[in-house]
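Trainee: here are the coordinates; sequence isn't available:
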């Protein structure tokens, strides 16, 4: 059975994604990112995996998400993280991204999905960091599904953040000479927001607290208990 690549791309339209298959990933991505697809622009590669049974998998995805398909196209109105979570669970070689493992991709997609369980509101982080004189304190706001690390938060010196996109965001943040964040930063998940604050790996679910001084992990556990 010949190998092939299943890929998923985001688009300029929020919530609209493209799922497809190819045997030449780089050429296909260059064409889509340069030219768009079916009058939809802003396509950007997000995940790709090489599979032995790629034709059957694509058919399975088409059947599974047929009600979310846009006309007779390869466009779907779906949460891209749910598709990435699904594809990264398959037994195959990850083609993209190249700087994260398949397990890391799966875990990040899962956390982004779980973040939707966090109620709108403001959350706080307070932590003593080794080698930092003052206690690091920060504020995170959740509003309409978006997670914002608020300006005015104190930021610890950068050590190392494993997720490349998070590390890139951390290095581009605007921080004054007093280690204060001077503009809001949008984050994909609570662990990203916590990592940006502490400058290294952090579990956001046991870092951020709500107004009742409870870790936000209670919202994730509540969903599991209800299921």
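Mentor: Nice, thanks for sending it over. Source: prediction; values computed, not measured.

Trainee: Report the mean confidence score over stretch 162-177.
Mentor: Averaged across stretch 162-177, the pLDDT comes to 94.

Trainee: Pull the distance from it to the chain's centre.
Mentor: 15 Å (CA atoms, centre = their mean, to the nearest Å).

Trainee: show me where this structure has strands.
Mentor: Along the chain, counting by DSSP state E, strands occupy 4-10, 16-22, 44-51, 75-77, 93-96, 121-127, 136-143, 146-149, 185-187.

Trainee: what does the last one contact?
Mentor: Outside strand 185-187, the residues within contact range by CB atoms under 8 Å, 6 or more residues apart in numbering are 140, 146, 147, 148, 149, 169, 173, 193, 196. (Each C-beta comes from the backbone N, C-alpha and C, glycine too.)

Trainee: Name the member of those that has the highest neighbour count.
Mentor: residue 193 (30 neighbours; other CB atoms under 10 Å).

Trainee: which non-adjacent residue is nearest that one?
Mentor: Closest residue in space to residue 193, ignoring its immediate chain neighbours: residue 187 at 4.2 Å, by CB to CB, 6 or more residues apart in numbering.

Trainee: neighbours around that neighbour, how many?
Mentor: By other CB under 10 Å, neighbour count at residue 187 equals 23.

Trainee: Report the separation between it and residue 20.
Mentor: 29 Å (CB to CB, to the nearest Å).

Trainee: quick one: low-confidence parts of the chain?
Mentor: 1, 222-227 (pLDDT under 70).

Trainee: Next, the distance between the ends of stretch 24-44.
Mentor: Terminal residues of stretch 24-44 lie 16 Å apart, using CA to CA, to the nearest Å.

Trainee: Going by neighbour count, which residues of that stretch are buried?
Mentor: 25, 28, 29, 32, 37, 40, 43 (16 or more other CB atoms under 10 Å).

Trainee: Would you mind listing the residues in contact with the last one?
Mentor: Under the criterion of CB under 8 Å, 6+ apart, the contact list for residue 43 reads 9, 10, 11, 12, 18, 32, 33, 36, 37.

Trainee: just curious, which of the residues you listed is nearest to residue 116?
Mentor: The closest of the contacts of residue 43 to residue 116 turns out to be residue 10 (CB to CB; 17.2 Å).

Trainee: pretty sure that closest one contacts residue 47?
Mentor: No. Assessed by CB atoms under 8 Å, residue 10 is found out of contact with residue 47, at 9.9 Å.
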